[in-house]
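A.B. asks: Below is the sequence, then the predicted model.
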Amino acid sequence: MKRDLISFSLWTREQLAEIFTLGKKLKSGEMKEFRPLAAGNAALVFERESLRTRVSFEVGIIELGGHPIFLQQETIGMATRESVHDIGQALSQYVSLIIARTTRHQTCIQLAESASVPVINALTDLVHPCQILADAMTLQELAKLSPDTRIVFVGNGNNIANSWLELAEKIPLCLTLACPPGYEPHPQILQQAKQAGVSDVRIVEDPVEAVRDADVVYTDVWPSGKHAEPEERRPNVFVPYQVNRRLLKVAKRDCVVMHRLPANRGEEITTEVLDGRQSIVLKQAVNRLHVQKAVMARLLSNSL
């Protein structure tokens, strides 16, 4: 029976732990001959632009013995030229895996419901599970993934914040989110994370208070960034939430800084911090490859 990774909702703590364990083994090089995708194909269906996600998945597919097939929205016209249902069914006849990066979360769900092969969410507007798995693995490597580690997300309560909350339902964390009023995470996901009682989850409006004594500070792009039209820019409410040296002064001295990238330097984070000694953004990017290989291998073993 096939299974998917659309979010963490149907995954257990033990299953997520298996992903981390396998990801570390793959990273160490002790499983060089591991080829669960041998002579197989995997489709990457992308409605959105991508660098790290596309490259890490394509390299991972090749290293697992498979062949990646990249399909842009402009080429296949998902939900315009052809229905999501028909695309999911058709691709299932050709490939062993579908990796989907879609604008709407519902599109990814529909694709998974239609496909007879595993579907992996490579980012939607609601959640970004592969990124957070890589982030959690990175913190685990640094011995900073425990209930005693203060993880603080600063800025817009977007898909990254939502996936951190979903992970907090499964793994004990101390998670604080500092968001401007009106930019909080998805209310249902937040409520579920709190009700699960697995983690200490807090929403704090004041970014300075949130970051005080933090072990980890995570930020992501603000809505309507500097490349948006002038009338769409809404930076004023986010200015106090910029991750800069001043804000980090109240965090712990050995605090690490995370960002999923790409970053708008000078907006949500300063160049000084992004390129500084506390930044672990490149470690996060590296682990995208290894954790995604682990996810693909796990899903393939389930569907064989």
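C.D. replies: Sure, I can see it.
A.B. asks: On the strand side of things, show who residue 45 bridges to.
C.D. replies: Taking DSSP bridges, one obtains residue 71, residue 100 as the residues bridged to residue 45.
A.B. asks: Could you measure from it over to residue 30?
C.D. replies: Applying Cβ to Cβ, to the nearest Å, the value for residue 45 to residue 30 is 32 Å. Placement of C-beta: from N, CA and C, glycine included.
A.B. asks: Over to residue 171?
C.D. replies: 25 Å.
A.B. asks: Then residue 196?
C.D. replies: The value you get for residue 196 to residue 30, if Cβ to Cβ is used, is 34 Å.
A.B. asks: now swap in residue 66 and tell me
C.D. replies: Using Cβ to Cβ, residue 66 is found at 20 Å from residue 30.
A.B. asks: Tell me how far residue 212 lies from residue 276.
C.D. replies: In this structure, residue 212 and residue 276 are 20 Å apart, going by Cβ to Cβ.
A.B. asks: correction: residue 75
C.D. replies: Between residue 75 and residue 276 the computed distance is 40 Å (Cβ to Cβ).
A.B. asks: Just give the nearest non-adjacent residue to residue 190, would you?
C.D. replies: residue 165 (5.8 Å; Cβ to Cβ, 6 or more residues apart in numbering).
A.B. asks: Next: residue 240.
C.D. replies: The shortest distance from residue 240 to any non-neighbouring residue, by Cβ to Cβ, 6+ apart, is to residue 207 (5.6 Å).
A.B. asks: okay, now the one you found: neighbour count?
C.D. replies: By other Cβ atoms under 10 Å, the residues close to residue 207 number 23.
A.B. asks: Hmm, it is touching residue 241, no?
C.D. replies: Yes - Residue 207 is within contact range of residue 241, at 4.9 Å (criterion: Cβ atoms under 8 Å).
A.B. asks: Show me the common contact partners of those two, please.
C.D. replies: For the pair residue 207 and residue 241, residues contacting each of them under the criterion Cβ atoms under 8 Å, 6 or more residues apart in numbering are 154, 178.
A.B. asks: Domain map for this protein?
C.D. replies: Split into domains by automatic domain parsing, the chain comes to 13-127+285-303, 143-279.
A.B. asks: So which residues make contact with stretch 41-56?
C.D. replies: 57-58, 61, 66-73, 76, 78, 87, 91, 94-103, 107, 111, 122-123, 130, 261-262, 285, 288-289, 292, 296.
A.B. asks: Using ChimeraX, make a named selection holding only the buried ones among those residues.
C.D. replies: The ChimeraX command for the buried members of these (criterion: 16 or more other Cβ atoms under 10 Å) is given here:
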select :57,58,61,66,68,69,71,73,76,78,87,91,95,96,97,98,99,100,101,102,107,111,122,123,130,261,285,288,289,292,296
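A.B. asks: where do the helices sit along the stretch 151-300 of the chain?
C.D. replies: 159-168, 187-196, 207-211, 245-248, 271-274, 281-303 (DSSP state H, counting those that start in this stretch).
A.B. asks: Just the buried residues of the fourth one, please?
C.D. replies: Neighbour counts over helix 245-248 (16+ other Cβ under 10 Å) mark 247, 248 as buried.
A.B. asks: Can you show me the CA trace of it as PDB?
C.D. replies: Extracted in PDB, the C-alpha atoms of helix 245-248 (Å, rounded to 0.1, in the frame of the first residue of the first chain):
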ATOM      1  CA  ARG A 245      22.900  41.800  15.500                       C
ATOM      2  CA  ARG A 246      20.800  43.900  17.800                       C
ATOM      3  CA  LEU A 247      18.100  41.300  18.100                       C
ATOM      4  CA  LEU A 248      20.500  38.500  18.600                       C
END
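A.B. asks: one step back: okay, residue 171 and residue 30: which has more neighbours?
C.D. replies: Between residue 171 and residue 30, counted using other Cβ under 10 Å, the more crowded position is residue 171 (18 against 10).
A.B. asks: Tell me who's in contact with that one.
C.D. replies: Contacts here follow Cβ under 8 Å, 6+ apart; on that basis residue 171 touches 13, 16, 136, 145, 198, 199.
A.B. asks: Go through the residues you listed and say which is closest to residue 222.
C.D. replies: Taking Cβ to Cβ as the measure, residue 136 is the one of the contacts of residue 171 closest to residue 222, at 23.5 Å.
A.B. asks: how much distance is there from whatever helix or strand the closest one lives in to the middle of the chain?
C.D. replies: For residue 136, the host element (DSSP states H and E) is helix 129-141. Relative to the mean C-alpha coordinate of its chain, helix 129-141 is positioned 8 Å out (Cα atoms, centre = their mean, to the nearest Å).
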